[in-house]
Structures are given as structure tokens and as C-alpha cells.
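# Here's a sequence, model it:
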Amino acid sequence: MTVDYMGIYVSPTERLQVRLDGSTLHIVFNNPAKHNALSVDMWGAVPALLTQAATDERVRLVVFSGAGEKAFVSGADISQFEDQRAAKEAVKHYEALAEEALMAIYHSAKPTLACIRGWCIGGGVNVAISCDIRIAASDAVFGIPAARLGLGYRYSALKNLVDLIGVGAAKDLFYTARRIDAAEAKALGLISRTCAVEQLPALLAEYTGSIGENAPLTIAAAKQIVGEILKLSPDLDVERCRALILGCFESEDYAEGRRAFMEKRKPQFKGR
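Model (predicted):
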């Protein structure tokens, strides 16, 4: 990926579109001929984009979505399986790219949201559950077909799934490889909210607006503390959590939030 002197985001592949809209960075999986199946170049483009976003004060939220109306991500681009997954070294390369991309999403310094329409299968579920928030239209369909393909599933992906929906539900979806609709996905906790297809843009706007207006340091601290909560207890860094909270209370944004509350106006947060 290259970035010009004005800080414009540029994807190295046409199969991953990117644009900055206000305070929201949109990353769009753009492989509609294959229902946005994830190719090697798509995986490879994600980490650099998120690295740039991490230090860009303009960005308050990163939204992942799929091009067109049929799919968020339908899984891996199986046309590349023979080339990328058949040989032992190719398997390692493909899995390393996917793992790097998913961990970049999971550990993103900025909040992440998956906005889902249509198929969200396999790697699409992995992208979605690596995000902080998931919203979906009523036409969304979810599934993890690894057991039907004989694929090994990485620890991080299964851990994310178990952390999100619990052991029983994760085993159910994984063992059976069955597909579920948006209503069941919401009941399981796989997604936060669902709505009619035509209402999805408005629901997304609700999130981009509120997160764009809220205090970025408070959100960043909460994101990191939740990460600490999800660690195994011997690794929990309580002092880091305390320092993050103190950083919020000592910030300019906290002072601005107090002033705005007293003056009955919207705060103008700067992330400092």
C-alpha cells in the first residue's frame, strides 16, 4: 500500500476498496464475481491500512463491508486453494497472511465494525468476529464450513468465537457447519443488532455518528481493558488498566466533556 502526501488511503489491490468518509475509514471487500471471497491480495492489504489508521487522528471508526448486495465475505477464494494451500509451504504462507490480517483487525487501535449483508461464511465470520461490533441486515447468512472442507482451524479464530458466543454455541456451529440467519445470529450474540435490508445504511450511520462524536481516549481505553479481561488471568495487567483509566481522566477530552455537559452542548473531542 502507498499513501500520498495528503494522507489519502490507497489499497494495493482493486479487490479491496478503501475510503475515508468523515471520521470513518471504510474498507470494502470487492470481489463481487465470487461473492467477495477472500484472495491472498485482499488478506495482505488489510494490516497496512490499519497501521496507517492507528496514527491518523481523523479516524474514529473502521468499518468493514462487502461490495454489492449479495455478500459480506463468502469465505476464502477456493480457486486459489490448489495454488496457495495444496503444498506445505503454500499452506503456511496463506495461513500466515490470514492470521496477520485477522490479528490486525482484532488488535486495531481504532474501533472496528462489520456491516454485513448476505453471505458471511468461513473467513467472513472470522473477519466479523475479529471486529469489535457486528451489525447485519435481515438477509445475512452465517456459517463456518471448515468441517465440510477438512480444514484445520486456527486457535485465534476459535478463541474469538468461543469468547463471543460461548462454548456450547461455538461447538454447535463448528461441528455441524450449519448456516444460520440474522435472527439466530443475534440470539446467539454473534451480531449486536439486525434490521431490514433497506434500514442498514441508517443503522450504520447511527454507529458512525455516535462513535465519531464520542471520546476516542475513553473508547480506546475500554477496548484495551476488555482485551485484558479476555486474557488468561496470569496475564492480566491490572496496572495497565488503571493507567488507561487515569489517562482518560487526565485528558483534555475529559475536561471538554465536563464543560459540554454543563453547557448542554455536544462535546468536540480531539483524542488528546
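# Strands of the stretch 51-200 of the chain, start to end?
61-66, 71-73, 112-116, 119-121, 133-137, 141-143, 180-181, 193-195 (DSSP state E, counting those that start in this stretch).
# partners of the longest one in the sheet?
This means strand 61-66. Sheet pairing for strand 61-66, assigned by DSSP bridges, gives strand 24-29 (parallel), strand 112-116 (parallel).
# Check the second one too.
Based on DSSP bridges, the strands next to strand 71-73 in the sheet, each with its direction, are strand 119-121 (parallel).
# Contacts for the strand it pairs with, please.
Judged by CB atoms under 8 Å, 6 or more residues apart in numbering, the contacts made with strand 119-121 from elsewhere in the structure are 35-36, 70-75, 128, 136, 140-145, 179. Backbone N, C-alpha and C define where each C-beta goes, glycine included.
# give me that answer again for 10 Å
With contact meaning CB atoms under 10 Å, 6 or more residues apart in numbering, strand 119-121 is reached by 35-37, 66, 70-76, 114, 126-129, 134, 136, 139-145, 177, 179, 182, 185, 190-191.
# Buried among those? Make that a PyMOL selection.
Here is the PyMOL command that picks out the buried ones among the contacts of strand 119-121, judged by 16 or more other CB atoms under 10 Å:
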select buried, resi 35+36+37+66+71+72+73+74+75+76+114+126+127+128+129+134+136+139+140+141+142+143+144+182+185+190+191
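# Turn the strands paired with strand 61-66 into JSON lines, including distance to E256 and mean pLDDT.
Output for those, formatted as JSON lines (distance: least, CB to CB, whole Å; pLDDT from 0 to 100):
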{"stretch": "strand 24-29", "distance to E256": "21", "mean pLDDT": "98"}
{"stretch": "strand 112-116", "distance to E256": "25", "mean pLDDT": "98"}
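# These: which one's closest to A220?
The minimum distance between A220 and these falls on strand 112-116, with 12.2 Å, by CB to CB.
# Relative to V62, how far out is Y207?
For Y207, the distance to V62 under the criterion CB to CB, to the nearest Å works out to 11 Å.
# Touching both of these two, which residues are there?
When contacts are counted by CB under 10 Å, 6+ apart, Y207 and V62 are jointly contacted by T24, P111, L113.
# Out of those, which is nearest to E252?
The shortest distance between E252 and any of these, using CB to CB, involves P111 and amounts to 20.0 Å.
# is it true that the closest one touches A221?
No. Distance between P111 and A221: 11.8 Å, which falls outside the contact criterion (CB atoms under 10 Å).
# For L49, give me its contacts.
Contacts here follow CB under 10 Å, 6+ apart; on that basis L49 touches 1, 3, 9-12, 16, 18, 25, 27, 62, 101, 104, 108.
# Any stretches of the stretch 51-200 of the chain with poor pLDDT?
Of all residues in the stretch 51-200 of the chain, those with pLDDT under 70 make up the ranges 78-91.
# what packs against the helix ranked longest in the chain?
When the chain is scanned for its longest helix (criterion: DSSP state H), the result is helix 88-106. Using 3 or more CB pairs under 10 Å, 6 or more residues apart in numbering; DSSP states H and E, the elements in contact with helix 88-106 are helix 40-54, strand 112-116, helix 123-130, helix 155-165.
# picking that back up, save the shared contacts of Y207 and V62 as a markdown table, and put in distance to L203 and neighbour count too.
Compiled in a markdown table, the shared contacts of Y207 and V62 are given as follows (distance: CB to CB, whole Å; neighbours: other CB atoms under 10 Å):
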| residue | distance to L203 | neighbour count |
| --- | --- | --- |
| T24 | 14 | 23 |
| P111 | 16 | 22 |
| L113 | 11 | 22 |
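# ok, so of these, who is nearest P216?
P111 (8.7 Å).
# How much space separates that closest one from G212?
Applying CB to CB to P111 and G212 gives a distance of 10 Å.
# hey, what's in contact with both of those two?
Residues touching both P111 and G212 by CB under 10 Å, 6+ apart: T24, V59, R60, L61.
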